[in-house]
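[1] Compute the structure for the input listed below.
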Amino acid sequence: MADETRDYFIAGTRFEAPSLASGLYVVATPIGNLRDITLRALETLAAAETVLCEDTRTSAKLLDHYGIRGRREALHEHNERDKAEAIAARIAAGAAIALISDAGTPLLSDPGFPLIRTLAEQNLPVFPVPGASALLSALVIAGLPTDAFAFHGFLPPKAGARANALERLKDSRETLVFYESPRRLEGSLTAMAEVLGERQAVVALELTKRFERSFRGSVGELAARFAAEETKGEAVIVVAGAAEPGAPAAEDWQAALSEAMAVQPLRAAVDEIAARYGLKRKDVYDAALALKNAR
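    Okay, the predicted model is just below:
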C-alpha cells in the first residue's frame, strides 16, 4: 500500500499509521458516538490493505470522519461464505486486512464467523482490536450480576420459536443479555414475562448516542411500558438469571436488604436484592418500606 494512504486525521491533525503484520484484524468500532474509537483501531483501519465492511455506506461515516481513504469492500451475511477462501488466500500471501461491522464488535450478531473459522482452519493469523460493544455497555449499567452472564443475540421473530428459545433458558442462573429491534421489543418482553416470570430487567436504548436512555423494572412492567409508547433505536435487554433452587430464607434476604439500604438509595437497594435472590420486586419493595418506617 502506498504510504500516502496510511494516514488518519483527528481534529484536522494528520497522523501516519505504522505498517501492519499480515493477518486479519477484527476491529471494534463505535456503537453511536464516533469518539468511542481507539487509537489502535484508527491506526489499523488506516494501515490495512482493505477494510471489510458490513455495509460500506454505513462505515463511510466513520472512515470519512477520520480521513481514512483506503480500499473498502463489502462483507455481509449474503456473501461472506463465498468470499472467505479468497480473503484467506490474500492473507496467506501477506495481506493485512481489517474487518469491521456497522457498529460495535464484529461477530456479535454481526457477520464474520465463516471468515474467522476459515482462517482458523488454515492456521492464519487473526488479531482482535477491542473497543466498543453494546453488549458490555448495557451489562455494566444494568445493576444485575456480572460474574456470570450469557449473550443470546436476537430472539426468533416468530412467537412459537421465541417461546421455545426462552424455555431453554428458563433455568439458566447467569444474567441473560439479548439484542432486539424496536418493533419487536414489546413482544419479546411479553414473552419473557410469560416464560421466565417476573424477573428484574433493564432495557437500554441508543447507547452512547444523544438520546441514550435505560429503563428498569420487571420484564412485565417493561413490556407494559413499551406497549404504550413508540420506541426508536436498537435495544439491549438484560434480564436476571433464574433463582437458586429453593426459596431464600426471609431473614437472609431481608438482612441483605437492610445492609444494602444503608449504603444505597431505596430503589437501587430493592433492585439489587430482587435480582440477587430472584425475588419479586414488589415483595422486596414492600419489605424495604417496612424497614424504612421501622427506623
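[2] Could you list which residues are in contact with the residue nearest the centre of the chain?
    Geometric centre of the chain, nearest residue: L135, 1.7 Å, by CA atoms, centre = their mean. Contacts for L135 (CB atoms under 8 Å, 6 or more residues apart in numbering) come out as G104, T105, L108, F151, V177, Y179, V236. C-betas here are computed from N, CA, C, even on glycine.
[3] Tell me the confidence at it?
    Here, the pLDDT recorded for L135 equals 95.
[4] did I read that right, it in a helix?
    Yes - assessed with DSSP: H, G, I helix; E, B strand; the rest coil, L135 lies in a helix.
[5] what's the neighbour count on the spatially closest residue to A47 that is not a sequence neighbour?
    In space, and not counting its chain neighbours, A47 is closest to A17: 4.0 Å by CB to CB, 6 or more residues apart in numbering. Around A17 there are 22 other residues, counting by other CB atoms under 10 Å.
[6] Distance check, A17 against A240.
    Separation of A17 from A240 (CB to CB, to the nearest Å) stands at 44 Å.
[7] same question, V126
    For V126, the distance to A240 equals 34 Å [CB to CB].
[8] burial measure for R35, as a count.
    9.
[9] For it, what are phi and psi?
    phi -80, psi -10 (degrees, to the nearest 10).
[10] Equivalent analysis for I97, please.
    The phi/psi pair for I97 (degrees, to the nearest 10) is phi -120, psi 140.
[11] So it is in contact with C53, correct?
    No - using CB atoms under 8 Å as the test, I97 is too far from C53 to be in contact (11.4 Å).
[12] Quick check: S218 touching L196?
    No - the criterion here is CB under 8 Å, and S218 misses it with L196 at 10.1 Å.
[13] okay, who's weakest in the contacts of L135 by pLDDT?
    Lowest pLDDT among the contacts of L135: L108, with 90.
[14] Can you give me the distance of the nearest residue to that one once chain neighbours are set aside to A103?
    If the residues on either side of it in the chain are set aside, L108 comes closest to L135, at 5.9 Å by CB to CB, 6+ apart. According to CB to CB, L135 and A103 sit 12 Å apart.
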